[in-house]
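*Asks:* Give the three-dimensional model of this entry:
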Amino acid sequence: MQQQTHLQKRITQSQPMIRWVEQQVRERKLPSMLAFLPLIESSYRLDVVSSAGAAGPWQLMPDTATRFSVPMTSSFDGRYSLPLATDAALTYLGWLYQFFGQDWLLALAAYNAGEGRVLKAVLSAGTRNLWELSLPTETRLYVARFIALSQLLDRAAHYRFALPSWQEGESIQVWRQPGECSLLSWAMAKGVSMNDASRWNPAWQLPDAQGVTNCPIVYGHSKAPSKTRPSERPMLVRAVSLESLHDPLLLQPARGLDMGRGGLSLAPLPDPLGLKQSRPLLAP
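*Replies:* This next block holds a predicted model:
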């Protein structure tokens with residue numbers, strides 16, 4: 001039950017982001033459960049990077065980010081931006097859904113392993129049944145965990161899983177002004193400390209993003225902004241290793257690596273979300 005408590009805690013702590021992402025999902029007329037995919041990708045953290053180089057809440061690889069026009073420079077990495085990463089990820093997922101004949105299981109598998117690998121597996125096996133395809137164990141487990149999470153949230157009472165109030169935490173807003181990419185200037189104009197501004201905006205590697213024109217700023221709406229004191233040293237959020245978190249919601253193998261030759265069907269996975277496993281929890 002420790003892992004179940006941890007999942008409830010992460011859902012509660014991520015409420016502002018989940019609500020915002022769910023709105024973007026709804027506007028695109030995509031399945032609402034996609035708003036919870038970052039729980040499996042990053043435990044809904046903005047500031048994480050994997051050993052394979054995937055970064056941000058949607059764990060975008062550099063090639064994917066470039067493909068969907070997410071800016072990446074020495075002063076700004078849009079993969080850590082909730083608005084930019086969400087736009088790219090949902091666009092990619094929607095494209096994958098259409099590419100694989102409106103099959104969400106194949107689309108999710110391709111999001112994890114790449115459409116080229118999944119397409120090759122489909123053509124080689126002569127079937128579109130995901131569980132019969134020769135795919136990395138990580139990819140099979142990735143899809144199985146998403147299905148399990150969907151079932152858990154959809155039938156919470158049946159599984160005796162206490163869902164938190166969907167209105168927990170502050171609401172977040174997004175400020176957009178094309179061509180203006182100074183987090184420091186925005187914070188000073190709004191009377192917000194750089195520490196608070198950076199908490200929601202780890203995409204900024206430097207206070208001013210040079211050579212970037214698309215850099216939406218996320219900010220919270222629940223309490224009066226804390227002003228920067230003259231003696232306060234501005235701090236920017238730095239990326240942390242995804243693997244170092246030891247978070248039970250996350251898959252430990254590096255993204256895209258084939259961790260086994262055999263198949264892994266959904267049926268033999270009694271606990272794909274790891275709710276009953278004894279693994280180290282993310283420190284509060």
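*Asks:* Would you map the helices across this protein?
*Replies:* Applying DSSP state H to the chain gives helices spanning 2-13, 15-27, 37-42, 62-67, 82-99, 104-113, 115-125, 137-154, 183-190, 194-200.
*Asks:* I'd like to know which of those is closest to residue 207.
*Replies:* Closest of the helices of the chain to residue 207 is helix 183-190, at 3.7 Å (criterion: CB to CB). For every residue, glycine as well, the C-beta is placed using N, CA and C.
*Asks:* Show me what that closest one is packed against.
*Replies:* The contact analysis (3 or more CB pairs under 8 Å, 6 or more residues apart in numbering; DSSP states H and E) places helix 183-190 against helix 194-200, strand 217-221.
*Asks:* ok, now with 7 Å
*Replies:* Judged by 3 or more CB pairs under 7 Å, 6 or more residues apart in numbering; DSSP states H and E, helix 183-190 is in contact with helix 194-200.
*Asks:* ok, which stretches of the stretch 151-284 of the chain are strands?
*Replies:* 171-175, 217-221, 240-241 (DSSP state E, counting those that start in this stretch).
*Asks:* ranking these by burial, who's on top?
*Replies:* Using mean count of other CB atoms under 10 Å, the stretch among the strands of the stretch 151-284 of the chain with the largest mean neighbour count is strand 217-221, at a mean of 18.
*Asks:* Within the sheet, what are the partner strands of that strand, with directions?
*Replies:* strand 171-175 (antiparallel) (DSSP bridges).
*Asks:* what pLDDT, on average, does the strand it pairs with get?
*Replies:* Mean per-residue pLDDT for strand 171-175: 92.
*Asks:* Using CSV, list the CA coordinates for that strand.
*Replies:* What follows is strand 171-175, C-alpha atoms only, in CSV (Å, rounded to 0.1, in the frame of the first residue of the first chain):
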residue,chain,number,x,y,z
SER,A,171,-4.3,27.0,-10.7
ILE,A,172,-1.7,27.8,-13.3
GLN,A,173,-1.8,30.3,-16.1
VAL,A,174,0.3,30.7,-19.2
TRP,A,175,1.7,34.1,-20.3
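*Asks:* Residue 42 touches residue 55, doesn't it?
*Replies:* No - Residue 42 lies out of contact with residue 55 (CB atoms under 7 Å); the separation is 8.9 Å.
*Asks:* Return the distance of residue 212 relative to residue 126.
*Replies:* Going from residue 212 to residue 126 by CB to CB, to the nearest Å gives 46 Å.
*Asks:* Of the two, which one has the most company?
*Replies:* residue 212 (18 against 7; other CB atoms under 10 Å).
*Asks:* List the contacts of that one.
*Replies:* 71, 73, 76, 181 (CB atoms under 7 Å, 6 or more residues apart in numbering).
*Asks:* Residue 57 is in contact with residue 38, isn't it?
*Replies:* Yes - with contacts counted by CB under 7 Å, residue 57 reaches residue 38, the gap being 4.4 Å.
*Asks:* Pull up the overlap in contacts between these two.
*Replies:* In contact with both residue 57 and residue 38: residue 44, using CB under 7 Å, 6+ apart.
*Asks:* wait, doesn't residue 184 sit right on residue 194?
*Replies:* Yes - using CB under 7 Å, residue 184 is in contact with residue 194, at 6.5 Å.
*Asks:* Look up the residues that both of those two are in contact with.
*Replies:* In contact with both residue 184 and residue 194: residue 207, using CB under 7 Å, 6+ apart.
*Asks:* Neighbour count: those two, which is higher?
*Replies:* Shown here are residue 184 and residue 194; by other CB under 10 Å, residue 194 has more neighbours (21 against 17).
*Asks:* buried stuff in stretch 172-189?
*Replies:* 172, 181-184, 186-188 (16 or more other CB atoms under 10 Å).
*Asks:* What residues does the closest residue to residue 178 other than its chain neighbours make contact with?
*Replies:* Excluding the flanking residues, the one nearest residue 178 by CB to CB, 6 or more residues apart in numbering is residue 213, at 5.7 Å. The contact partners of residue 213, by CB under 7 Å, 6+ apart, come to 178-179, 181.
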